[in-house]
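Trainee: Need the 3D shape of this:
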Amino acid sequence: MGSRASTLLREEEIEEIKKETGFSHSQITRLYSRFTSLDKGENGTLSREDFQRIPELAINPLGDRIINAFFPEGEDQVNFRGFMRTLAHFRPIEDSEKNKYAPGEPLNSRTNKLLFAFRLYDLDRDNNISRDELLQVLRMMVGVNISNEQLGSIADRTIQEADTNGDGSISFNEFIKVLEKVDVEQKMSIRFLH
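Mentor: Numbering: from 1, shown residues only. Coordinates of the predicted model:
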């Protein structure tokens, strides 16, 4: 049982994570116990396999894309802090915080939520969503219930609608414009217990 004690969160770590992510002390400790229960190697990090044990991600058609979002470029492990930073994108914005933030935007701001969503589509991370990337993600979402022709026409219509500079792909700014009227806050928030 001795090794378990070393995996406890230190107060100063909790404070840093609170500042960085906006989660409360109790939310952080609750998410930490979820994190350690997923950490089968008991090494303080999670691998992609650890994430695949989360039933909600296992059944989500974009599960693999969402899992990838937790990992920094070229890494195959994520520590608790990185885990919390990614989850912070889904923290609802509370009224008390609407204009409380000092330097930099909070991770759960509208822009950062949209950037997170954009990156789920931007498979090659070149800051553009190409027709091919759009097709791949649409295919993940709808499975085999729709023909390639139908998917192709959905992709073409989407790009036509969003692509204001005519380069045949969707930039982040174009992505933001298309979603201007969408309630991103509601669609991209997870209610974390307090």
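Trainee: hang on, isn't residue 86 packed against residue 69?
Mentor: Yes: counting by CB atoms under 8 Å, residue 69 is a contact partner of residue 86 at 6.0 Å. All C-beta atoms are positioned from the backbone trio N, CA, C, and that covers glycine.
Trainee: Look at these two and report which has more neighbours.
Mentor: Using other CB atoms under 10 Å, the more surrounded residue of residue 86 and residue 69 is residue 86, with 18 against 15.
Trainee: Distance of the more buried one relative to residue 113?
Mentor: Residue 86 sits 12 Å away from residue 113, going by CB to CB, to the nearest Å.
Trainee: Residue 64 too?
Mentor: For residue 64, the distance to residue 113 (CB to CB) stands at 20 Å.
Trainee: ok, now residue 32?
Mentor: 23 Å.
Trainee: hey, where'd the strands end up in this structure?
Mentor: Per DSSP state E, the chain carries strands over the ranges 45-46, 78-79, 128-129, 170-171.
Trainee: Check the model's average confidence along the last one for me.
Mentor: Mean pLDDT, strand 170-171: 97.
Trainee: partners of it, with directions?
Mentor: strand 128-129 (antiparallel) (DSSP bridges).
Trainee: what do you get for the second one?
Mentor: Pairing partners of strand 78-79, with direction, according to DSSP bridges: strand 45-46 (antiparallel).
Trainee: any idea how far the partner strand is from the chain center?
Mentor: Strand 45-46 has its C-alpha centroid displaced from the chain centroid by 17 Å (CA atoms, centre = their mean, to the nearest Å).
Trainee: Stretch 19-31 too?
Mentor: How far stretch 19-31 lies from its chain's middle: 17 Å, per CA atoms, centre = their mean.
Trainee: Quick check: mean pLDDT of that stretch?
Mentor: For stretch 19-31, the mean per-residue pLDDT is 93.
Trainee: Flag every buried residue along that stretch.
Mentor: For stretch 19-31, the neighbour count (16 or more other CB atoms under 10 Å) marks 21, 22, 23, 27, 28, 31 as buried.
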